[in-house]
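below are the sequence and a predicted model; questions follow.
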Amino acid sequence: MMADEDRADELTAYLHHVSVRTALLSAMLAAMALLMIYFTTVGPYQISFWDSLRAILDNDGSTEATIIWNLRLPRVVAAVLVGAAMGVAGAIMQCVLRNPLASPFTLGVSNAAAFGAAVGILLLEGGIVLGQSVTTILITNPYVVTGSAFLMALVAIGTIVLLVRVTRISPEAIVLTGVAISSVFGAGLAALQYFSNESALANIVHWQFGDLGKINWDQNLILLAVLAAAALFFFLKRWDFNAMDAGDEMASGLGVNTDMLRIASLVMASLLTAVAVSFVGVIGFIGLLAPHVIRRLIGNDHRFLIPGSMLLGSLILLVSDTVGRNVGDMLNWFFASGLPSFVIPVGIITSFIGGPLFIYILVRGYRNVDQG
């Protein structure tokens, strides 16, 4: 009798565990939908919430619909997709590498893509300065920049995967490898900037900041397809990731091929990051910030951690981009000043948020080691 009561209590606790987390994810999804609509109303041309919703549902060719569908909605959708991509990539990397500092940014994929973009810009502009020879041609095909960034990101991914396969280095050492890769590509990027003419240098620096305004509907569709495939793979492997949280030995005992799962997950997460970064530039720390916050709220269960990291990554990037686009107006409203309107690239906003978090995680990690 007591055993039946204990099982009933366990079932009740489990159902409560699931319902609370499902409710939280549902609330985040609803909040994201409302914010997406609201943020399409924000800008120099004022549009009401209901007019924006009507224009989204019915692109009737009106001024409001043209502004929303051609200018604002692609940017809002990009924030959702890129944020989700960075968030889930960070969550998976932290799991398979068993390192809280693992993320697309810290593994060097972002710096590799930045180097590739710089190469693409210089190829298009002929912007190398050697001696007194300077040639400048305006960029006419941005897909060359995107393709070059993507190619270099794949080089970074391939280097990490090759080291895992050939040397079987530890998950902790993979993060240090990412730091080394980031340093190498960072040095290459600095060299390209040094030899660039003024026009090419301006384009390279602007690309590094991260900007959602450069993405279009075609690129959003490509990103959506890659994100859907990667998210499906991660969700199908959710129980394997839960097993890996208990350690490789425990996961292997449960029938999980940890080496293959680690490599496949790194490839999928890095590929997802490469596509996102190649379209919008370097946007750091989303993959570090979102998983850590979600773990605080709902724990390490990947059934909820995977969608939660995607949703929170989207919310963070949505809010950060809107703040960056309207920071001048916000300061004028708060301080009653006469500042002109200006825009701060979203990559700068996310770095301001993520940098202190990175330091906090490092400090907390060393405290845990000392206490252990």
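Yes, it's here.

from now on I want contacts and neighbour counts done on CA atoms only, so please keep to that.
Noted.

let's verify residue 23: helix, strand, or coil?
helix (DSSP: H, G, I helix; E, B strand; the rest coil).

if I look at it, how far off is residue 10?
In this view, residue 23 and residue 10 are 20 Å apart by Cα to Cα, to the nearest Å.

residue 252: how many residues sit nearby?
By the criterion of other Cα atoms under 10 Å, residue 252 has 15 neighbours.

ok, it - contacts?
residue 258 (Cα atoms under 8 Å, 6 or more residues apart in numbering).

residue 180 too?
Residues in contact with residue 180, defined by Cα under 8 Å, 6+ apart, are residue 108.

make it 7 Å
Counting by Cα atoms under 7 Å, 6 or more residues apart in numbering, residue 180 makes contact with nothing.

what ranges does the stretch 251-372 of the chain have for its helices?
Here the stretch 251-372 of the chain has its helices, by DSSP state H, counting those that start in this stretch, at 258-280, 286-298, 302-325, 327-335, 346-371.

averaged pLDDT, the shortest one. What do you get?
For helix 327-335, mean pLDDT rounds to 59.

picking up where we left off before, okay, the helices of the stretch 251-372 of the chain in TSV with mean neighbour count and distance to residue 202 next?
Shown next, in TSV, are the helices of the stretch 251-372 of the chain (neighbours: other Cα atoms under 10 Å; distance: least, Cα to Cα, whole Å):
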stretch	mean neighbour count	distance to residue 202
helix 258-280	23	16
helix 286-298	23	25
helix 302-325	24	19
helix 327-335	14	22
helix 346-371	15	16
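
now these as TSV including distance to residue 109?
Below are the helices of the stretch 251-372 of the chain laid out as TSV (distance: least, Cα to Cα, whole Å):
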stretch	distance to residue 109
helix 258-280	7
helix 286-298	12
helix 302-325	18
helix 327-335	29
helix 346-371	15
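
compare the ones you listed and say which comes out lowest on pLDDT.
Taking the mean pLDDT of the helices of the stretch 251-372 of the chain, helix 327-335 comes last: a mean of 59.

among the helices of the stretch 251-372 of the chain, which comes closest to residue 98?
Between residue 98 and the helices of the stretch 251-372 of the chain, the tightest spacing by Cα to Cα is seen for helix 258-280, at 10.4 Å.

same for the closest one, what does it pack against?
With contacts taken as 3 or more Cα pairs under 7 Å, 6 or more residues apart in numbering; DSSP states H and E, helix 258-280 sits against helix 73-97, helix 109-125, helix 142-167, helix 217-236.

other SSEs contacting the longest one?
Spelled out, it's helix 142-167. Applying 3+ Cα pairs under 7 Å, 6+ apart, we find helix 142-167 packed against helix 109-125, helix 258-280.

need the ones you listed in CSV (columns: distance to residue 47).
Putting those into CSV (distance: least, Cα to Cα, whole Å) gives the following:
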stretch, distance to residue 47
helix 109-125, 35
helix 258-280, 26
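
out of the ones you listed, flag the one nearest residue 61.
Checking the helices and strands packed on helix 142-167 against residue 61 by Cα to Cα gives helix 258-280 as the closest, at 27.4 Å.

as CSV, the helices and strands packed on helix 258-280 with mean pLDDT, mean neighbour count and distance to residue 317 would be great.
Supplementary listing: the helices and strands packed on helix 258-280 in CSV, determined by pLDDT from 0 to 100; neighbours: other Cα atoms under 10 Å; distance: least, Cα to Cα, whole Å:
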stretch, mean pLDDT, mean neighbour count, distance to residue 317
helix 73-97, 92, 27, 5
helix 109-125, 80, 28, 16
helix 142-167, 78, 19, 21
helix 217-236, 93, 17, 15
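
to residue 343, which of those lies closest?
Short answer: helix 73-97, nearest of the helices and strands packed on helix 258-280 by Cα to Cα, at 14.2 Å.

tilt between that closest one and helix 217-236?
Angle of helix 73-97 versus helix 217-236, following axes from the mean of the first three to the mean of the last three Cα atoms, to 10 degrees, is 30 degrees.

for the closest residue to residue 310 other than its chain neighbours, give me its contacts.
Distances taken as Cα to Cα, 6 or more residues apart in numbering place residue 84 nearest to residue 310, at 3.8 Å, with adjacent residues excluded. Residues in contact with residue 84 (Cα under 7 Å, 6+ apart) are 309-311, 313-314.

mind putting those residues into a markdown table with distance to residue 112?
Putting those into a markdown table (distance: Cα to Cα, whole Å) gives the following:
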| residue | distance to residue 112 |
| --- | --- |
| 309 | 24 |
| 310 | 23 |
| 311 | 26 |
| 313 | 22 |
| 314 | 23 |
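
of all those residues, which comes closest to residue 63?
Nearest member of these to residue 63, counting by Cα to Cα, is residue 314, at 27.6 Å.
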